[in-house]
Every structure is written in structure tokens, then in C-alpha cells.
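1. predicted model and sequence below, questions to follow.
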Amino acid sequence: MKAHWWSCVLGFLFMPSGVTLSASKVSQDPKSISLMKVNSSAEITCSTLRLDPMSLSLHRRFPDTKQIAYLALKNGQVSKTTQGAGFHGRIHAVPSQQTGDGHGFTVHLSLLGLEDTNLYYCSWEFFKKETATPETLSSVPGTVIIVRERDPQEECRGHILDRILFGLSVAAFCVVLFLCVAALIVRRKRFRRRFRPARPNRPQHSCPQHGVQHDPYLMTSVNSSYFRGIL
């Protein structure tokens, strides 16, 4: 799938400038990438402003340019249809409504498979009277058709659902983290209110107690009558 995509990008870059200038006289819709699922159908509308087309061809660009449908035109009507190998019964062309002068056809591609992923473009053939030779004008850059096994819309819904779930997971994680931080802040405030630092114990100064010294020659007595008896 990626190889087809890069091949288409390279095809846009390296298409001849002469072919690019011819796009003003011919056009093709859709001009963007079409995402299709397997066994689905795609439509490509080819238009020209000139009134005398001889034929209309639908080509597949990669890996080699290959004609997958050829419409021989006469007076703007399909006179003969030729389908390329691998597309028998899968291509149907009908005239498209034109708002002005010119011609247009809508080519239906049915039963698309993964191998049909490619770049498709229209080529108109005209008769150039000045040189009496055929002139070919191609519509560029063309239409890129990418065929996938699953419906692209289902894949888009799956991606959207995955993003929603991822966003919800991130939001839930942020909420839980916020609650944890808030709980720690509240707990810290409560701890600071209840906390009372212990005061250091001051050393107590005590006076030394002097013991009573007993002198054998010094006698004291509280009783005064004792001294009187001695005297």
C-alpha cells in the first residue's frame, strides 16, 4: 500500500509539463484521494470543453502506464467500448451532465481489490486539422484510489474512539494525581497545627551543701544551762 502511495506522489512530480498545460481543456473528478474498501465501487468523471472528441481512454499509471478502458466516440456518443485485461465486466461508462459546452463521461469501476490501488487519469483524443494528426490531452494529476480491507469510515471511528479513551485515561490520571497532592497538602497543614516543638531543659544550678565539720575542741550546745554549769 505504501509503495503505491509513494509511486503516485512521484508520478505527480515527474509528469511532463506539456501534459500539465493540457489540463485547462480537460478535467477529471474527483481530484483528491478516494479511500475505498474491498469489493466497493468508484466513479471517475472525465470532461472536456472541446466539441469534437474522437475517443476517451482511462489509464492506470503504475507500475507502467496501462489502458484499462477505451471508448470510441462518434458525434459525442459511444460507438465502441474496449476493456483492458483484469477489468472485463468491471467498467461501465455513461454520459455525464454538462453545464456548458463540451462532453463528459462517468466511468464506474466495480469490485475493487487491493491490487486496484493506483493513480487513474483520463485521456481524450482529438483530430487536429492543422496537421491532420490525432492530438491527445490528458487530465492531471488524476485520481488516486486506495483500496483497503476495512471500511475507511470504520477505521476513522476506531481511531476517534482510541483517542477518546486515551484522553479519558489521561484526564483520570490527572484527577487522581491532583487528589493525592491535595490530600498531602491537607495532611501537612494539620500536622503543622498540632505539632508543638519540645522546649530544651534548662540546667538547674544547685548550691553545694557544706557539711558540718566537727572540731573536738569546739563544742556547741543549744542549751544555755549547760554553759552556766561549766562556768
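-> Here it is on my side, so go on. Numbering: from 1, shown residues only.
2. output the contacting helices and strands for the biggest helix by length in the chain.
-> If you go by DSSP state H, the chain has its longest helix at helix 152-194. Judged by 3 or more Cβ pairs under 8 Å, 6 or more residues apart in numbering; DSSP states H and E, the packing partners of helix 152-194 are strand 33-37. All C-beta spots, glycine's among them, are computed from the backbone N, C-alpha and C.
3. so in that sheet, which strands flank the longest strand along the chain, and in what orientation?
-> If you go by DSSP state E, the chain has its longest strand at strand 118-128. The strands that strand 118-128 pairs with in its sheet are strand 53-60 (antiparallel), strand 133-138 (antiparallel), strand 143-148 (antiparallel) (by DSSP bridges).
4. which strand residues bridge Val94?
-> Beta-bridge partners, per DSSP bridges, of Val94: Thr106.
5. quick check: mean pLDDT of the longest strand of the chain?
-> For strand 118-128, mean pLDDT rounds to 94.
6. tell me the angle of that strand relative to strand 33-37?
-> Angle, strand 118-128 to strand 33-37, by axes from the mean of the first three to the mean of the last three Cα atoms, to 10 degrees: 120 degrees.
7. now do the buried residues in strand 118-128.
-> By neighbour count with 16 or more other Cβ atoms under 10 Å, strand 118-128 contains the buried residues Asn118, Leu119, Tyr120, Tyr121, Cys122, Ser123, Trp124, Glu125, Phe126.
8. show the subsequent helix or strand relative to the helix or strand of the chain with the lowest mean pLDDT.
-> The least trusted helix or strand in the chain, going by mean pLDDT, DSSP states H and E, turns out to be helix 17-21, with a mean of 39. The helix or strand immediately downstream of helix 17-21 is strand 26-29, counting by DSSP states H and E.
9. walk me through which strands that following strand pairs with, and which way each runs.
-> Note on strand 26-29: by DSSP bridges, its sheet partners are strand 42-48 (antiparallel).
10. pLDDT on the partner strand, on average?
-> pLDDT averaged over strand 42-48 gives 94.
11. mind saving the C-alpha coords of that strand as PDB?
-> Extracted in PDB, the C-alpha atoms of strand 42-48 (Å, rounded to 0.1, in the frame of the first residue of the first chain):
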ATOM      1  CA  ALA A  42     -15.600   4.000  -7.500                       C
ATOM      2  CA  GLU A  43     -16.600   6.700 -10.000                       C
ATOM      3  CA  ILE A  44     -14.300   8.900 -12.200                       C
ATOM      4  CA  THR A  45     -15.900  11.700 -14.300                       C
ATOM      5  CA  CYS A  46     -13.900  12.800 -17.300                       C
ATOM      6  CA  SER A  47     -14.800  16.100 -19.000                       C
ATOM      7  CA  THR A  48     -13.600  18.200 -21.900                       C
END
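12. coming back round to it: tell me the mean pLDDT over the longest helix of the chain?
-> 78.
13. any figure for the gap between His103 and Pro95?
-> Separation of His103 from Pro95 (Cβ to Cβ, to the nearest Å) stands at 8 Å.
14. and those two? Which one has more around it.
-> Using other Cβ atoms under 10 Å as the criterion, His103 and Pro95 rank with His103 on top: 20 against 12.
15. so that one is in contact with Met54, correct?
-> No - assessed by Cβ atoms under 8 Å, His103 is found out of contact with Met54, at 11.0 Å.
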